[in-house]
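>>> Have a look at this fold, sequence not included:
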């Protein structure tokens, strides 16, 4: 069986060297390239497509999330593991939306790095264990796309409103359709965001689709 090929992208040479030494010590894994910034990484990928890219979220020039989005668009078969110093829900969700299959903190151990690689290699999503203490379990599940693992806290009316939001209706159209005021629609909308702890409409749409409220894939 051929080795699982990994390219490292980080602007810190010592970080790349440390990661390389850990990975190259594991049978079946091989670091096949290194890049110090996003533009250099994209040039490497034109010549050699690996199985995984381990990507620093804060590189100079083309930022890590932008790079992840570009890789996911051009090379969807590449697994992306994001390395970050940020314990931020925003960075986490943006990374996963950009196509990353994992999000690891730079303070995490080498053992966890290897565990993350193994999980992603087997088709799973991996998030740093330290994030479990920072975010509610519901947020972790939602970021992983496992919405059904989270009990649905919405009322029947809120589900109706969310369905119509996901289908692209305006607040006035929702009010007219449900025979309620626009102010009431706004209240339901705020309650939905608060209960789900989701701020962006795109995340609400993903939630609605995952729950089967709508099949809208816009």
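Done, it's in. Bear in mind that the values here come from a model prediction, so they are computed numbers and not experimental data.
>>> Look through the protein and tell me its longest helix.
Looking only at the chain and at elements set by DSSP state H, the helix with the highest residue count is helix 182-196.
>>> tell me which residues of the helix or strand just after that one are tucked away?
Reading on from helix 182-196 to the C-terminus, the next helix or strand found by DSSP states H and E is helix 201-210. If you call a residue buried by 16 or more other Cβ atoms under 10 Å, then helix 201-210 has these buried ones: 203, 204, 205, 206, 207, 208, 209. Any C-beta I mention is one placed from the backbone N, CA and C, and that applies to glycine too.
>>> Check which helices and strands helix 201-210 is in contact with.
When contacts are defined as 3 or more Cβ pairs under 8 Å, 6 or more residues apart in numbering; DSSP states H and E, helix 201-210 packs onto helix 156-166, helix 182-196.
>>> Point out the most buried one among those.
A comparison of the helices and strands packed on helix 201-210 by mean neighbour count, using mean count of other Cβ atoms under 10 Å, puts helix 156-166 on top with a mean of 19.
>>> average pLDDT across it?
Helix 156-166 shows a mean pLDDT of 90 in the predicted model.
>>> Work out the gap between it and the centre of the chain.
25 Å (Cα atoms, centre = their mean, to the nearest Å).
>>> Let me know the angle separating it from helix 201-210.
Angle of helix 156-166 versus helix 201-210, following axes from the mean of the first three to the mean of the last three Cα atoms, to 10 degrees, is 120 degrees.
>>> Now do helix 156-166 against helix 182-196, angle only.
Counting by the same axes, to 10 degrees, helix 156-166 points 100 degrees away from the direction of helix 182-196.
>>> Can you name every helix or strand that helix 156-166 contacts?
In this structure, helix 156-166 makes packing contacts with helix 171-178, helix 182-196, helix 201-210, judged by 3+ Cβ pairs under 8 Å, 6+ apart.
>>> now with 6 Å?
Under the contact criterion of 3 or more Cβ pairs under 6 Å, 6 or more residues apart in numbering; DSSP states H and E, helix 156-166 touches helix 182-196, helix 201-210.
>>> Stretch 154-173: how far from the chain's middle?
With Cα atoms, centre = their mean as the basis, stretch 154-173 stands 25 Å off its chain's centre.
>>> Ends of it, what's the gap?
In stretch 154-173, first residue to last residue: 21 Å (Cα to Cα, to the nearest Å).
>>> Now that we have the helices and strands packed on helix 201-210, can you turn them into JSON lines and tack on distance to residue 41?
As requested, the helices and strands packed on helix 201-210 are arranged in JSON lines below (distance: least, Cβ to Cβ, whole Å):
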{"stretch": "helix 156-166", "distance to residue 41": "35"}
{"stretch": "helix 182-196", "distance to residue 41": "35"}
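>>> secondary structure class for the residue nearest to the spatial centre of the chain?
Central residue of the chain (Cα atoms, centre = their mean): residue 96, 1.0 Å from the mean position. The three-state label given to residue 96 by DSSP: H, G, I helix; E, B strand; the rest coil is helix.
>>> Distance check, it against residue 125.
In this view, residue 96 and residue 125 are 8 Å apart by Cβ to Cβ, to the nearest Å.
>>> and what of residue 57?
16 Å.
>>> coming back round to it: any chance of the helices and strands packed on helix 156-166 in a markdown table, plus mean pLDDT?
Converted to a markdown table, those look like this (pLDDT from 0 to 100):
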| stretch | mean pLDDT |
| --- | --- |
| helix 182-196 | 90 |
| helix 201-210 | 78 |
